[in-house]
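A.B. asks: one predicted model, sequence on top.
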Amino acid sequence: MVSGSLRIAARVGVFVLALALWQVLSATGVLSKDSFPTMTSTVSALGHQLGTRELWAAVGQTLQGWALGMLIGGGLAIVVGSLLGYSRFAYRSVIPVIEVLKTVPAIAILPLAIIIFGATMQMKLFLVSFGIFWPLTIQVIYGVRAVDPVVRDTAQVLQVRGLRRFGVVTLPSAAPFLATGLRVAAATGLILAVIAELIGGAAGLGLGVLTAENAGPSELPDMYALILVTGLLGVVVTGAFMAAERRLLHWHESQRNRSSARAS
Amino acid sequence: MSTTNSPRDAGGTTLPASAPATAPAVTVPDVAPAGSGSAGRPGAPAGNGQRGPAGNGRRRAPAALRALASVWRLWFFAALIVAWWLASASSSSPYFPPLSEILHRLVDLWITGDSKKDLVPSLEHFAIGYAMAGAIGVVGGALLWYFRHVRDAITPLLYFVYVIPSAAILPAIIAVLGIGNGMKIAIIVLASVWPTLLNTVDGMRGVDPLQLDTARVLHMSPLRTVRSVVLPAALPQIMAGLRNSLQISIIMMVVSELVASTSGIGFFILDAQQRFAITDMWTGIIVLAVVGSLLTLVFVAVERLVLGWYIGARAVEGKR
């Protein structure tokens, strides 16, 4: 117990230390004041912003683009991935295409999306969905194909077919793959949403950062405050997916090992 | 004992015991496909490598023959391109010019023309940035693994920095470093170092304690222990991290050029878009796709080379 609280103290201490270092470096001018505001001014700007409607509206717009994009891209990936996973022929034919498209940075599509959709929510949605679709599809395919042969054969003998088979056989064995894929996609999707705002100019946190940057040195604390908010959003999203994964997959080996490893 | 940890032996349940994509490193995003995913017990399969020459013999068909045999799998790829070609042949949409026109322009610009010069700065930044990220990630990860208490205290902070959407810190880096080459390399390093670092730490933590104890009993020097025990065991996961870093490096290479640059492939695409030269823009997208794929292919080839023993062992394990 003592060592446990000591550990937490050390972790909190590191955060405090990092903030203090920031303050010292910026206040003493090691980091130029024109480019790096002090920690205290950033935090006070953050405190001020937390009370404004604009900040929460921006958070909402970013989260909306991210969530809808996840829904569209994720839904498509699960459907397409499952269908492809069932057929060895389809799988082997399509994998090269997906592997290539996966390596196409989603960012390459951004100019096309901007030109077609403009600086709109659709553009953000398109980028997020496109960006998460390919890696997630691959993950789903691997998951669907990871069904234990014994289980698969048993299902066949018991004539479990169609949707029922998907629900009882395929989904449980694909779930861990799906969870990993979704967690990664959640982080990627958020990055892409911010990029769509920062470069494409769609409304949201990224645009806020851009506006603050263009407004000059006086707005610098505001810019860094927004960056901090974006970081916190990343923490919340990733944390939520990790917690959900642990909860929903508590029956699975990977999570069981984890908890036993933690206990020892 | 640890040599028999094949996915199917271990559980006996309805599920593969260690689905590669969800092995212990659950906290580290792992985009790599299952084959190169974080390993459940990286040290384990080493012994299986020499199993049954008969089984191996069948796999060792001449490489050329095997390559030929897998060529058919590209039919769908080819079909898609043909479909694109046909569908766009009489296209009058300004956004989707005919593929024939795009390819024509591609040859003009990138093969006979000067646009290929735009690739040089991009690839330079990428190479330096990625190499630095990889080196810092592996060395830093090893140091963090070695100094347990530091790792314990600092890990939450590292994860915090890791999940900050890297694009958001771009304006901050521009503010500090200006818009020169240093900025571009810095953003690549800063964004892509984390997967390697965190995977290295996790991979090294997964080393079988028994092996470490053995090394201690044998009075191996710390350096030797790292080289012959820790590194081989952690390598699969380090490679998974490096692969993840590679993808992020490519993205950030482009992003840095989209935001503030007058050269590079990212700038070329953005510039073409702003000139409304859609065909040119398409050529840029295609070139970027090809470059991205090639870099990934090179990585996979290196990975095969480095992890040959490991992948071979997995293949043997995976066979029923």
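C.D. replies: Here it is on my side, so go on. Here the structure is a predicted model, which is why all the values come from computation and not from measurement. Residues are numbered from 1 along each chain as shown, chains lettered A, B, ... in the order given.

A.B. asks: so, low pLDDT: which residues of the chain?
C.D. replies: Went with chain A since none was named. Using pLDDT under 70 as the threshold, the predicted model of chain A has low-confidence ranges A:1-3, A:103, A:252-264.

A.B. asks: not quite, I wanted chain B
C.D. replies: Along chain B, the parts satisfying pLDDT under 70 run over B:1-70, B:310-320.

A.B. asks: if I look at the residue most central in space within it, how far off is B:Leu109?
C.D. replies: For chain B, the residue nearest the mean C-alpha position is B:Arg243 (1.7 Å; CA atoms, centre = their mean). Here the criterion is CB to CB, to the nearest Å. By it, B:Arg243 lies 31 Å from B:Leu109. Where C-beta positions appear, they are placed from N, C-alpha and C, glycine not excepted.

A.B. asks: what does B:Phe276 give?
C.D. replies: With CB to CB as the criterion, B:Phe276 and B:Leu109 are 16 Å apart.

A.B. asks: what's the answer for B:Ala87, then?
C.D. replies: In this structure, B:Ala87 lies at 23 Å from B:Leu109, with CB to CB as the measure.

A.B. asks: same question for B:Ala277.
C.D. replies: Taking CB to CB as the measure, B:Ala277 falls 10 Å from B:Leu109.

A.B. asks: quick check: the gap between A:Gln64 and A:Thr188.
C.D. replies: According to CB to CB, A:Gln64 and A:Thr188 sit 17 Å apart.

A.B. asks: now swap in A:Thr230 and tell me
C.D. replies: 14 Å.

A.B. asks: so for these two, which sits in the more crowded spot?
C.D. replies: Neighbours per residue (other CB atoms under 10 Å in any protein chain shown) separate A:Thr230 from A:Thr188, with A:Thr230 holding more: 30 against 24.

A.B. asks: my guess is A:Ile78 contacts A:Phe177, does it?
C.D. replies: No. Because the distance of 11.0 Å does not satisfy CB atoms under 8 Å, A:Ile78 is recorded as not touching A:Phe177.

A.B. asks: any residues in contact with both of those two?
C.D. replies: By CB atoms under 8 Å, 6 or more residues apart in numbering or on different chains, A:Ile78 and A:Phe177 have these common neighbours: A:Val140.

A.B. asks: okay, these two: which has more neighbours?
C.D. replies: Under the criterion of other CB under 10 Å, the comparison of A:Ile78 against A:Phe177 puts A:Phe177 first, with 27 against 21.

A.B. asks: pretty sure the more buried one contacts A:Arg145?
C.D. replies: No. Taking CB under 8 Å as the definition, A:Phe177 is not a contact partner of A:Arg145, at 9.3 Å.

A.B. asks: rewinding a little: of B:Phe276 and B:Leu109, who's got more company?
C.D. replies: Neighbours of B:Phe276 and B:Leu109, each counted by other CB under 10 Å, are more numerous for B:Leu109; the result is 20 against 10.

A.B. asks: run a quick neighbour tally on the closest residue in space to that one that isn't next to it in sequence.
C.D. replies: On the basis of CB to CB, 6 or more residues apart in numbering or on different chains, the spatially nearest residue to B:Leu109 that is not a chain neighbour turns out to be B:Ser115, at 4.3 Å. Other residues near B:Ser115 come to 20 when the count uses other CB under 10 Å.

A.B. asks: report the contact partners of B:Ser115.
C.D. replies: Listed by CB under 8 Å, 6+ apart, the contact set of B:Ser115 reads B:109, B:268, B:283.

A.B. asks: mind putting the residues you listed into JSON lines with distance to A:Leu110 and secondary structure?
C.D. replies: Shown next, in JSON lines, are those (distance: CB to CB, whole Å; DSSP: H, G, I helix; E, B strand; the rest coil):
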{"residue": "B:Leu109", "distance to A:Leu110": "20", "secondary structure": "helix"}
{"residue": "B:Phe268", "distance to A:Leu110": "13", "secondary structure": "helix"}
{"residue": "B:Thr283", "distance to A:Leu110": "16", "secondary structure": "helix"}
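
A.B. asks: just give me the closest of these to B:Gln211.
C.D. replies: Proximity to B:Gln211 was ranked across those by CB to CB; first place goes to B:Phe268, at 50.3 Å.

A.B. asks: go ahead and confirm the closest one touches B:Asp118.
C.D. replies: Yes. Proximity of B:Phe268 to B:Asp118 meets the contact threshold set by CB under 8 Å, at 4.7 Å.
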